[in-house]
Each structure stands twice: as structure tokens, then as C-alpha cells.
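Engineer: just the structure for this:
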Amino acid sequence: MNLVTNSKTYETIEKIQRLLQSGVGPIEDHDQKWLKKEGIYFHKPKEKGLLFLRVNIPAGLLSSQQGRMLARIASTYGDGRLSITTRQAVQFHNLRLQDIPDILKKLDEVALATSGSGGDRTRNITGNLLAGIDPQEFLDTRGLVQGLYQFFQQDRSCTDLPRKFKIALTASAVLQGHEKIQCLAFTPAYKKVDEDSVFGFHVHVGGGLSRDAMVAQELDLFVEPHQVVPLSAAAVALFRDYGCRENRQKARLKHVVQQWGLTKFQQELIRYVGYELPSRGISAVETERPGPYYGFHRQKQKGYDFLGVHIPMGRFTAVQLQVLSSLADRYGVGELRIGYGQNILITHIPFYKKRELQEEEIFQELPLQPAALTGQSLACTGGQYCKYSTIDTKEKLYQWVQKLDQNFAEEGIEVPPLRIHLVGCPHSCGHRHLADIGLQGKKVALDGNVVEAFTIYEKNQESGLCTEEVAVVLEKDIVRALTEYIKKKIGKKETA
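Structural biologist: Numbering: from 1, shown residues only. Predicted coordinates for the structure are as follows:
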């Protein structure tokens with residue numbers, strides 16, 4: 001038997017084995033709640049007894065060795081497929097509980113874990129997808145993200161929070177768009193201290209989506225890199241103590257910030273930190289670049305590029321991941337990166353290897369330059385697996401955007417890379433609020449039948465979130481409605 005190095009993983013394995021040995025009917029609700037905190041969820045319909053398992057990938061950094069292990073697990077224990085989440089993590093589907101202990105052991109062999117990828121606790125720490133290779137970063141934040149992740153993996157005082165707690169950190173002048181929807185986010189800044197310009201972070205709190213979407217607000221604080229973990233620990237502890245536990249609809253950190261206001265929240269946060277922090281400095285953020293990277297882009301290391309690869313619907317096969325891992329070894333340094341837009345990067349590619357790499361056969365299946373709308377589309381898990389969604393999302397959206405791209409190409413209309421996101425319920429796991437065009441599906445009654453309809457949303461100019469309802473459209477009319485809306489948006493008139 002292989003030794004398990006992660007103590008939390010070892011405890012999880014032991015507890016699951018006890019559950020299996022008890023053999024007493026269905027798993028109780030309290031055990032299901034505990035399993036969620038370990039990243040283990042029951043599929044819909046629950047009666048089938050199948051699970052999905054979410055694996056933490058802090059800041060999306062994945063070694064080729066880890067990629068090969070994920071591929072091996074998917075092909076051995078699952079259905080041979082994996083999904084990329086919108087928090088730079090990976091999910092397996094159609095697993096059996098009796099296989100989970102073996103899967104966790106195999107993940108532990110390559111320093112991967114699932115604890116904290118679900119449930120009411122701190123989730124996977126997200127960060128700059130380009131950390132360490134970003135020409136516009138002020139600090140390589142890979143170590144900071146790992147430090148944050150390891151702290152909350154080991155901390156036992158904050159594993160039973162009122163709701164989930166999401167953290168993001170970046171030191172790039174170019175934000176990637178997700179920072180404003182986090183419970184806690186750190187963005188780059190400078191401050192003059194004793195005549196010296198010191199690098200650090202500004203602190204944003206209270207972001208979140210779902211029915212009452214809110215943009216994170218900036219506190220009047222400046223923290224240096226070594227203060228990121230203490231401040232994060234203080235924010236999570238504050239949430240543990242003051243977050244609402246009576247009503248899950250009002251149980252996120254954003255609701256504490258909303259109830260208290262920024263001034264009181266900052267005062268309480270400083271009390272939890274235990275020492276004063278300076279006021280905010282000057283933001284180093286220059287712009288925002290949401291959406292995935294495709295094709296070759298320059299790294300800050302002279303003579304090297306990274307390559308962005310499209311993963312259709314955010315789902316890929318074990319074989320495809322195996323091939324990508326091998327390509328990362330052959331052409332790069334054995335490193336993959338998982339993006340928020342459900343895409344993958346291969347890094348550290350020498351200029352002289354670019355042509356050979358782009359001719360690899362795998363890129364017939366996983367294109368390097370997808371069409372404008374297809375490459376920016378994103379959907380939640382949908383009704384195939386999720387109990388909250390009433391519709392299937394991924395396949396539908398992919399069919400629609402492919403049809404849209406085809407139609408616009410045939411008409412000779414050049415469409416910019418508009419982000420179209422589809423969600424199957426108000427929780428907005430597919431980040432409908434961050435899209436250029438948001439879609440939310442539902443079931444409606446029509447002439448005595450139940451049919452699927454979709455609300456189209458556009459951005460609110462004040463918040464920047466996609467919350468303004470444009471129309472509600474039946475599925476049979478969705479491509480036509482989107483065609484008309486996009487033409488209007490880009491200033492093209494309808495042809496007769």
C-alpha cells in the first residue's frame with residue numbers, strides 16, 4: 001500500500017472506508033455534507049449512486065506528471081473524460097464511492113488533493129494564469145498562491161464556514177476579469193514608505209454571483225506580500241464567526257459586507273489581523289483582459305512563447321490530456337496551465353519549436369484558433385449532472401455558437417470575440433454575469449406543454465455585470481434572436 005503524505009487526504013480515505021464498511025443503506029445527509037467539503041458530490045439522479053470528484057489545481061498550474069495521473073484516473077475509474085471548472089480546477093464524473101480511496105491515493109502520489117474543492121469552506125485558490133511568465137507582472141505569485149492554498153489545507157479552524165469562501169490573487173497589471181466576483185481578492189499596488197516605493201496589494205471584499213450578484217469593493221488597505229496569508233486567515237475567521245448560518249441565501253461574505261458597510265468591516269478585519277495596516281496606495285492595474293488565450297503569445301522569458309489551446313465545452317478526454325502532457329514535456333518544460341475560460345496553456349516553448357508543435361495532430365480536435373464566438377463560449381455543468389439545473393447546457397451552447405459563427409462567416413460579417421455564457425440556474429456557476437451576452441435557461445409552460453426558454457442578458461453599465469434582461473426566447477428561436485442581437489451590438493443591419 002502506498003503511503004499517503006497529505007494528512008487530510010489520509011483522514012478522508014479512512015472515513016470513506018468506514019462508510020463503505022458500515023453498509024447501512026443510503027449515505028446520510030450529514031455525511032454527504034462532509035463529502036462535499038472533500039470535493040465529492042453525488043450526481044443527478046442521486047439514485048444511481050454515481051459521484052463527481054473535483055480536484056484542486058491552485059492558480060491552474062499543472063505538471064505533465066500530474067496531467068498524466070489525472071488522465072489515468074479518468075480512464076481507469078470514470079468515463080474517460082474530464083471537465084475544467086471556472087476556478088481553474090478539474091472534475092471527474094461517473095465515479096463510484098468504493099473507488100474514491102484509491103483515487104485519492106493516486107492524486108496524493110502527485111501532490112494533488114480534493115479537500116476544500118467543494119462545500120462550506122475555502123475553495124481552490126485562483127490566480128494569474130500567466131504567473132511567472134507574464135510580461136506585465138510585478139511579482140511572480142506562484143509561491144504566494146501555494147502558500148495560501150497550503151495554509152487553508154492545514155487549517156482546521158475554518159473548515160465549517162457558513163458558506164463557501166473564494167480567494168483570488170494576482171500581481172499582473174492586466175486583470176483577467178474574475179477578481180471582482182471573489183469573496184476576497186488581492187490586486188497589485190504600490191505605496192511610498194519612508195521615501196521608498198514598496199510593492200504590495202490592494203484588498204477587495206464581498207464579491208459574488210447568484211441571484212444577488214455583487215462586485216467586490218476595495219478596502220482602504222495596503223498589504224505587503226508577507227501579509228497576504230495573515231489577512232486572508234483573518235478574513236475567513238471573521239466570516240466564520242459573523243456569517244449568517246440561519247439562511248443560506250444570505251450566508252456569503254458579500255452579505256456581511258453589505259450589512260456592515262465597508263468601514264465597520266475593515267475595522268473588524270483589522271481587529272482579527274491583530275495589528276494596523278497602512279491605507280491603500282496607488283493601484284498598478286492598467287487594464288482587464290477577460291477571456292481565454294489562444295495560439296502563441298510571448299512570455300517574459302526571452303525566446304519563449306506559451307500556447308493557448310481550446311477545449312470544446314471545457315471537456316476533454318483522458319487520451320487528449322495524456323497527449324497534451326506529452327507535448328508539454330517534448331516542447332516545453334512539462335507544464336500545463338488551466339484557465340478560467342476552460343482552456344489550457346502549454347508554456348516555455350522555444351521559438352524554433354513553434355512550427356513543429358502547431359502541426360501536431362491533436363490540434364485538429366483541440367483547435368489553436370477557434371472561431372470568434374465558439375472560442376469565447378462557456379457553460380456550467382448543466383442538467384446532465386447538476387441537481388439545480390433544469391436544462392442541459394454545454395452541448396446546446398456549443399451547437400448554437402458554432403451555428404452563429406458559421407452563419408456570420410457565410411454572410412461575410414466579422415464578429416469580435418464576444419463572450420457568450422450559458423447557465424442552467426440562478427447560481428451562475430457558468431459566470432453568466434461576466435459575459436458580454438449572458439444566457440440563463442429555464443422550463444416554461446406553453447400551450448399545455450413544458451418547453452425550454454432562455455433569458456438573454458446584457459451588461460449593466462454601472463456594475464459591469466451582465467444583469468440587464470433583454471428578452472426571453474424559446475429554444476427554437478435562440479439562434480435567430482442571438483443573431484439579431486449580435487448584429488445590433490456590432491452595428492450591422494439586418495439583410496432583407
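
Engineer: right, and Leu50 touches Leu95 too?
Structural biologist: Yes. Here Leu50 lies in contact with Leu95, judged by CB atoms under 8 Å, at a distance of 6.6 Å. The C-beta positions use only the backbone N, C-alpha and C, and glycine is treated the same way.

Engineer: tell me which of the two has more neighbours.
Structural biologist: Neighbours per residue, other CB atoms under 10 Å: of Leu50 and Leu95, the larger number sits with Leu95, 22 against 18.

Engineer: show me what that one is bridged to.
Structural biologist: Leu51 (DSSP bridges).

Engineer: isn't it right up against Leu53?
Structural biologist: Yes. Assessed by CB under 8 Å, Leu95 is found in contact with Leu53 at 5.6 Å.

Engineer: elements contacting the top helix by length along the chain?
Structural biologist: Longest helix in the chain by number of residues (criterion: DSSP state H): helix 394-411. Packing contacts for helix 394-411, counted by 3 or more CB pairs under 8 Å, 6 or more residues apart in numbering; DSSP states H and E, involve strand 378-379, strand 420-423, helix 478-490.

Engineer: could the ones you listed go into a markdown table alongside mean neighbour count, distance to Leu434 and mean pLDDT?
Structural biologist: Output for these, formatted as a markdown table (neighbours: other CB atoms under 10 Å; distance: least, CB to CB, whole Å; pLDDT from 0 to 100):
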| stretch | mean neighbour count | distance to Leu434 | mean pLDDT |
| --- | --- | --- | --- |
| strand 378-379 | 28 | 9 | 96 |
| strand 420-423 | 27 | 7 | 97 |
| helix 478-490 | 17 | 17 | 96 |
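
Engineer: a markdown table please, covering those and showing distance to Gly243.
Structural biologist: Formatted as a markdown table, the helices and strands packed on helix 394-411 follow (distance: least, CB to CB, whole Å):
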| stretch | distance to Gly243 |
| --- | --- |
| strand 378-379 | 29 |
| strand 420-423 | 24 |
| helix 478-490 | 38 |
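
Engineer: looking at these, which is closest to Cys158?
Structural biologist: strand 420-423 (28.4 Å; CB to CB).

Engineer: from the rest of the structure, what touches the closest one?
Structural biologist: Under the criterion CB atoms under 8 Å, 6 or more residues apart in numbering, residues 373, 376-380, 389, 393, 396-397, 400-401, 429-432, 434-441, 454, 466, 482 lie in contact with strand 420-423.

Engineer: name the next helix or strand downstream of it, please.
Structural biologist: Following strand 420-423 in sequence order, the next helix or strand is strand 437-446 (DSSP states H and E).

Engineer: contacts made by that next one with the rest, please.
Structural biologist: The set of residues external to strand 437-446 that reach it, using CB under 8 Å, 6+ apart, is 389-391, 393, 396-397, 418-426, 428, 432, 450-458, 466-467, 474, 478, 482, 485-486, 489.

Engineer: SS state for the residue positioned nearest the centre of the chain?
Structural biologist: Taking CA atoms, centre = their mean as the criterion, Arg87 is the residue nearest the geometric centre of the chain, at 1.7 Å. Secondary structure, DSSP: H, G, I helix; E, B strand; the rest coil: Arg87 is coil.

Engineer: joint contacts of Leu95 and Leu53?
Structural biologist: The overlap between the contact sets of Leu95 and Leu53 (CB under 8 Å, 6+ apart) consists of Ile103.

Engineer: strands of the stretch 151-300 of the chain, residue ranges please.
Structural biologist: 167-169, 174-175, 184-193, 196-205, 217-223, 282-283, 287-288, 295-298 (DSSP state E, counting those that start in this stretch).

Engineer: can you give me the pLDDT of Glu494?
Structural biologist: pLDDT for Glu494: 48.

Engineer: same question for Gly23.
Structural biologist: Model confidence at Gly23, given as pLDDT, is 68.

Engineer: how about Leu269?
Structural biologist: pLDDT, Leu269: 99.

Engineer: where does the stretch 51-200 of the chain dip in pLDDT?
Structural biologist: Along the stretch 51-200 of the chain, no part satisfies pLDDT under 70.

Engineer: now with 90, please.
Structural biologist: For the stretch 51-200 of the chain, residues meeting the criterion pLDDT under 90 lie at 156-159, 177, 193-195.

Engineer: cool, and the stretch 301-450 of the chain?
Structural biologist: Where the stretch 301-450 of the chain drops to pLDDT under 90, the residues are 340-342, 383-387, 390, 445-448.

Engineer: give me the nearest residue to Asn343, chain neighbours excluded.
Structural biologist: Closest residue in space to Asn343, ignoring its immediate chain neighbours: Pro292 at 4.0 Å, by CB to CB, 6 or more residues apart in numbering.

Engineer: please verify my assumption that that neighbour contacts Ile338.
Structural biologist: No. Under the criterion of CB under 8 Å, Pro292 is not in contact with Ile338, lying 10.6 Å apart.

Engineer: and Trp400, how many neighbours?
Structural biologist: Trp400 has 22 nearby residues by other CB under 10 Å.

Engineer: spit out the contact partners of the nearest residue to it once chain neighbours are set aside.
Structural biologist: Using CB to CB, 6+ apart and skipping residues adjacent in sequence, the residue nearest Trp400 is Val479, 5.6 Å away. Val479 sits next to 400, 403-404, 407 when contact means CB under 8 Å, 6+ apart.

Engineer: also Cys244?
Structural biologist: Going by CB under 8 Å, 6+ apart, Cys244 touches 162, 250-251, 255-256.

Engineer: so which of these wins on neighbours?
Structural biologist: Val256 (24 neighbours).

Engineer: wouldn't it be in contact with Phe265 here?
Structural biologist: Yes. Counting by CB under 8 Å, Val256 touches Phe265, with 6.8 Å between them.

Engineer: common neighbours of these two, please.
Structural biologist: The contact sets of Val256 and Phe265 overlap at Gly206 (CB under 8 Å, 6+ apart).

Engineer: got a list of what the nearest residue to Tyr388 once chain neighbours are set aside touches?
Structural biologist: Take Tyr388 and drop its neighbours on the chain: the residue closest to it by CB to CB, 6+ apart is Cys425, 4.3 Å away. Contact analysis of Cys425 by CB under 8 Å, 6+ apart lists 380, 386, 388-390, 440.

Engineer: just the terminal-to-terminal distance for stretch 423-430.
Structural biologist: 5 Å (CA to CA, to the nearest Å).

Engineer: stretch 298-307 too?
Structural biologist: This stretch, stretch 298-307, spans 9 Å end to end (CA to CA).

Engineer: which residue comes closest to Glu288 once chain neighbours are left out?
Structural biologist: Per CB to CB, 6+ apart, closest to Glu288 is Leu175, 4.4 Å.

Engineer: what is the burial count for the one you found?
Structural biologist: 20.

Engineer: enumerate every residue touching it.
Structural biologist: 187, 285, 287-289.

Engineer: most neighbours among the residues you listed, please name it.
Structural biologist: Tallying neighbours with other CB under 10 Å puts Thr187 at the head of the contacts of Leu175, with 22 neighbours.

Engineer: which stretches of this protein form helices?
Structural biologist: Counting by DSSP H, the chain has helices at residues 7-22, 29-37, 64-77, 100-109, 142-154, 228-242, 253-260, 262-273, 318-331, 354-358, 394-411, 478-490.
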